[in-house]
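Q: Compute the structure for the input listed below.
(chains A, B, C and D)
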There are 2 protein chains.
Amino acid sequence: MPTIRQLAALAGVSHSTVSRALRDDPQIGEATRRRIQALAREYHYQPNRLAQGALSGASRLLGFISGDLSLPFGARLLRGIYDAAYGAGYQVLVTETWREMPRLLQAVHTLLAQRVQGMLIVHINPIPLPRQAVLEIISHNVAAVLLDHSRAERPLTRVCTDESALADLAVGYLHDLGHRHIAFVGPSIGAFRGERTAAIRQALTRRGLSSQYLVDWQTEAYHGFSAATTLARALAHRPCPTAIIGFEDRIAAALIQAAQARRLSVPRAVSIMGCANLNIAEFTAPPLTSIEQHPEEIGRRACRHVIARLTAPDPAGGDVPALIQVPPTLVIRDSCAAPAR
Amino acid sequence: MPTIRQLAALAGVSHSTVSRALRDDPQIGEATRRRIQALAREYHYQPNRLAQGALSGASRLLGFISGDLSLPFGARLLRGIYDAAYGAGYQVLVTETWREMPRLLQAVHTLLAQRVQGMLIVHINPIPLPRQAVLEIISHNVAAVLLDHSRAERPLTRVCTDESALADLAVGYLHDLGHRHIAFVGPSIGAFRGERTAAIRQALTRRGLSSQYLVDWQTEAYHGFSAATTLARALAHRPCPTAIIGFEDRIAAALIQAAQARRLSVPRAVSIMGCANLNIAEFTAPPLTSIEQHPEEIGRRACRHVIARLTAPDPAGGDVPALIQVPPTLVIRDSCAAPAR
DNA sequence: TTGTATGCGTTATCAT
DNA sequence: ATGATAACGCATACAA
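A: Next comes the predicted model:
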C-alpha cells in the first residue's frame, strides 16, 4: 500500500494535491481529481488513520470494556454498539476485565493510551465501578457510558432496560392471566437490592397484589444458587404462589427443571417467567415466556449518546442525562398459563 | 493528559530525556529517571499509541471480523482472541459484516486503513470468502486467520475444531452405549458437504456401522429447517436409528422438542446428541449431551498464530500451516442412554 | 488550481 | 548523561 507521497509521485503532483483530491476538496481540478482517485483505487491506497489521528487528535476510536466477553447478552450489546459506531464512522476497540478490578483499571489505561474518544462499559453487575477508574476517565475528558448496570455511578450516564416497564409487563401479564399470588426470585448481593426487585414490588402493589413473595439469596446471581432450594422457599409461602418470575432466564430455566424434578407441571401447576429473553428461552421445556430487553438497542443508544457528546458544541453543559431507559417487550411462549382454580 | 513535551517542560528537561526515562534507557541518570517517572505517574501520562504506531509502522492492532457478533460461539472466540492479544500487548479492533459480502470487503478496507497487523475472521459458514478480500489482505502483507470455518480458503490458515476427533467422540460414545443405528442430521448448503458430515461418516464406518443414516437439507443451517420433518426423515430409515447426532446444539435441542411432541421419550425411545456445547445445552429437557469445542481455545490459538507470524523473522517461508485443529471434549448430560432393547 | 512549509506526539540519531 | 534535530504519514495555512 503506497503512502500519500508515493501516490503523489506516481501522479506527478504534490502530496497535498492528492490529499485534497481524495477529500473531494471543492477547489481542485476535475480532471486531476478523477485521475488521482482512479490511481488511488488502482493501488488500493487507504489514508493511514493512525497518522490522521495523531495529527488531528480525533482518533475516531471508541473503547468497549466488558467484564466477561463470552456472555450472550454482552455480545448483543456489542453488536448494537458496533452498529451505531459503524454508522458514524467510529471504530471499536474491545477489552475484557475477566471480572477483576485491577484489570478494569488497566483496561481504562490502555484505552486512554489508544486515545479513544469514548468508552462503553459493561461492568459486572452490580459491583460498583472503582472510583479511581471513573475519575480517570472523566479527568481525561472521555465520554463514558455504563451499560446494563443496576447501580448508578455518579457522573456517568447509564443506559438500561426500563425496569419499571419490565416489571409492569411481567406482573401485568400474569395478573391478567388470573394470577393473584406471584413470587419473584432473584439475587441480592450484599446490602444492594436490585432495581428489578424494587420495580417488581411496586408493580405488584400497584395492582393491589401482595409483595410478600420475594425470595432472594445473599450471593452473586449464579454463585451458590440452588434452584431446588429457591423453588422450595418460594412455594413455602401461604397462600402458595401460582406464578414465579425469575430475575433472569437462567434462573427461570433452572426453576423449571427444579419444578419438574418435583413433578410439578409447568405451567399447569405453576407458571414460570424469565427476563432477558436469552437464547436458552426457546429451548426449555416448555419454552420460556420472557421479557425481551433488546440489548442491541441498549448498545446502540449508548453508543449514539457517546458520539453525540463527542460532536456536541459544549460538553460542559449539565444536560447529560443520568439514565437512558430502553423499553422491554413481552415474548409469550408456553411457560405461563392461567392458574388452576 | 500531558504530551511528552509538556511533561518535559514540567520536569525542566528535553522531551527526548523524558522518552528515554520512561523507556528505562540504560544511559539515563538514576535520579532523573526516578523524578520523571514520578512526574509521569502524577500527571497520568500515557504515551500516545497512535503516534507511536504512526512512527514505527507497528500499530500493535489486530482486527476481528465477525459475520454476526451476537452469536454466543463467536463471543467465546472473541474472548480467546482477546486473551491472547492482551497477553502479547496487542489491541483488538472489532468489526461486523452482518453476513453481507460488501460489508466484508468494507471491513477489510477499514481495518487496513487502521493499519492492523493481523486479522481474525469468523465468516459465515460455509460461504466462501470473497476472493477479492483474501487477495487484498495478503497483498497488504497482513497475517490473517480464518476461524471455525469448514471450508479452506487457500493461502489463509484455518483454526478449527478437530472434526475427526469430534466425530470419534460422538460416534464412539453412542456406540459404546450400545447404539448400532446412528443418524446424523445437518445442513448441506449447495454443493458443499460439511467436513462434519464426512467425519461422522468415517467414524461410523471405522466402527463398522452403517453410514446410511444421513439426513440433510439444502439450505443454510437454520433457514427453513423443520425439526419435525427432519426427525421424521431420520426415523423413517429401517432399521430405525436409536440415536441421532445433531450437527449443532440448536438442531439437537429442536429435535428433542420435536421428539417429545411425538411422545417419543428422550433418551428412552431415542438418544439425541448435540455439538458445540452451547449455553442452551444445560437447559433443555433432558439436558443435552454435547461436544465441547472450546471456542476460547480456538480463538487463543488463532491469535497466537497471527502474533507469531508477526514476530517471525521471515514470514515468507512456506511453513505456515494450512490448518490448526483444536481437540474437542465430550460433555455427558442426560439426553443419551443405552438403547431400549 | 496547485505546491511549499509547518505541525501532530512520538522515537531514533545525531551531537555535546 | 542530556539536548537538538529529523522522521513517520498525514492535513492544512499560506504562498504562488
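Q: Report the helix or strand with the lowest average pLDDT across chain A.
A: Using mean pLDDT, DSSP states H and E, the weakest-scoring helix or strand in chain A turns out to be strand A:214-217, at a mean of 81.
Q: list the helices and strands that strand packs on?
A: Contact partners of strand A:214-217 among helices and strands, from 3 or more Cβ pairs under 8 Å, 6 or more residues apart in numbering or on different chains; DSSP states H and E: strand A:182-187, helix A:195-206, helix A:227-235. Heads up, the C-betas are built off the backbone N, CA and C, glycines and all.
Q: quick one: the shortest one to helix A:195-206, angle?
A: Looking back up the chat, that one is strand A:182-187. Angle of strand A:182-187 versus helix A:195-206, following axes from the mean of the first three to the mean of the last three Cα atoms, to 10 degrees, is 170 degrees.
Q: starting at the chain centroid, how far to strand A:182-187?
A: With Cα atoms, centre = their mean, to the nearest Å as the basis, strand A:182-187 stands 23 Å off its chain's centre.
Q: can you check the longest one too?
A: Centre-to-centre, helix A:195-206 and its host chain are 22 Å apart (Cα atoms, centre = their mean).
Q: ok, and what's touching that helix?
A: A:150, A:163-164, A:166-168, A:170-172, A:182, A:184, A:186, A:188, A:210-211, A:214, A:216, A:245, A:247, A:275 (Cβ atoms under 8 Å, 6 or more residues apart in numbering or on different chains).
Q: among the residues you listed, which ones are buried?
A: With neighbours counted by 16 or more other Cβ atoms under 10 Å in any protein chain shown, the contacts of helix A:195-206 contain buried members at A:150, A:163-164, A:166-168, A:170-171, A:182, A:184, A:186, A:188, A:211, A:214, A:216, A:245, A:247, A:275.
Q: Residue A:279 contacts residue A:72, correct?
A: Yes - with contact defined as Cβ atoms under 8 Å, residue A:279 counts as touching residue A:72 (5.9 Å).
Q: who has more neighbours, the two?
A: residue A:72 (22 against 19; other Cβ atoms under 10 Å in any protein chain shown).
Q: For the more buried one, which residues are in contact?
A: Residue A:72 touches A:278, A:279, B:70, B:72, B:75, B:279, counting by Cβ under 8 Å, 6+ apart.
Q: Without its sequence neighbours, what residue ends up closest to the fifth one?
A: Which is residue B:75. residue A:75 (3.7 Å; Cβ to Cβ, 6 or more residues apart in numbering or on different chains).
Q: Kindly give the local confidence score, pLDDT, for the one you found.
A: The model reports residue A:75 with a pLDDT of 96.
Q: looking at it, residue A:122 is touching residue A:66, isn't it?
A: Yes - in this structure, residue A:122 is within contact of residue A:66 by Cβ under 8 Å, at 4.8 Å.
Q: joint contacts of those two?
A: residue A:74.
Q: Quick check: the residue of the stretch 151-300 of chain A nearest DNA strand D.
A: Closest to DNA strand D within the stretch 151-300 of chain A is residue A:300: 27.9 Å, counting by Cβ to the nearest atom of the strand.
Q: Next, that residue: phi, psi?
A: Backbone torsions of residue A:300, given as degrees, to the nearest 10, read phi -60, psi -50.
Q: Quick one: the helices and strands packed on strand A:214-217 as CSV, columns for mean pLDDT too.
A: What follows is the helices and strands packed on strand A:214-217, written out as CSV (pLDDT from 0 to 100):
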stretch, mean pLDDT
strand A:182-187, 90
helix A:195-206, 92
helix A:227-235, 93
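Q: Number of residues surrounding the nearest residue to residue A:304 once chain neighbours are set aside?
A: Nearest residue to residue A:304, sequence neighbours excluded (Cβ to Cβ, 6+ apart): residue A:84, at 5.0 Å. By the criterion of other Cβ under 10 Å, residue A:84 has 22 neighbours.
Q: for the host helix or strand of residue A:84, the distance to its chain's centre please.
A: Element membership of residue A:84, judged by DSSP states H and E, is helix A:72-88. Relative to the chain's own centre, helix A:72-88 is displaced by 9 Å; criterion: Cα atoms, centre = their mean.
Q: check contacts around the residue lying closest to residue A:98 once chain neighbours are set aside.
A: Distances taken as Cβ to Cβ, 6+ apart put residue A:68 closest to residue A:98, at 7.3 Å, once the chain neighbours are dropped. By Cβ under 8 Å, 6+ apart, residue A:68 lies in contact with A:74, A:96, A:98, A:99, A:124, B:79.
Q: Which of these sits closest to residue B:15?
A: When those are compared for distance to residue B:15 (Cβ to Cβ), residue A:96 wins out at 33.9 Å.
Q: and the closest one, what are its bridge partners?
A: For residue A:96, the beta-bridge partners are residue A:66 (DSSP bridges).
Q: can you pull the contacts of it?
A: A:65, A:66, A:67, A:68, A:69, A:103, A:107, B:79, B:82, B:83, B:86.
Q: If we use 7 Å, what do you get?
A: Contact analysis of residue A:96 by Cβ atoms under 7 Å, 6 or more residues apart in numbering or on different chains lists A:66, A:69, B:79, B:82.
Q: Which of those sits closest to residue A:309?
A: Closest to residue A:309, out of all of the contacts of residue A:96 and judged by Cβ to Cβ, is residue A:66, at 21.0 Å.
Q: can you tell me how far the closest residue to chain B within the stretch 201-341 of chain A sits from residue B:208?
A: Relative to chain B, the nearest point of the stretch 201-341 of chain A is residue A:285 (3.8 Å; Cβ to the nearest Cβ). Residue A:285 is 35 Å from residue B:208, where distance means Cβ to Cβ, to the nearest Å.
Q: Thank you kindly, that will do.
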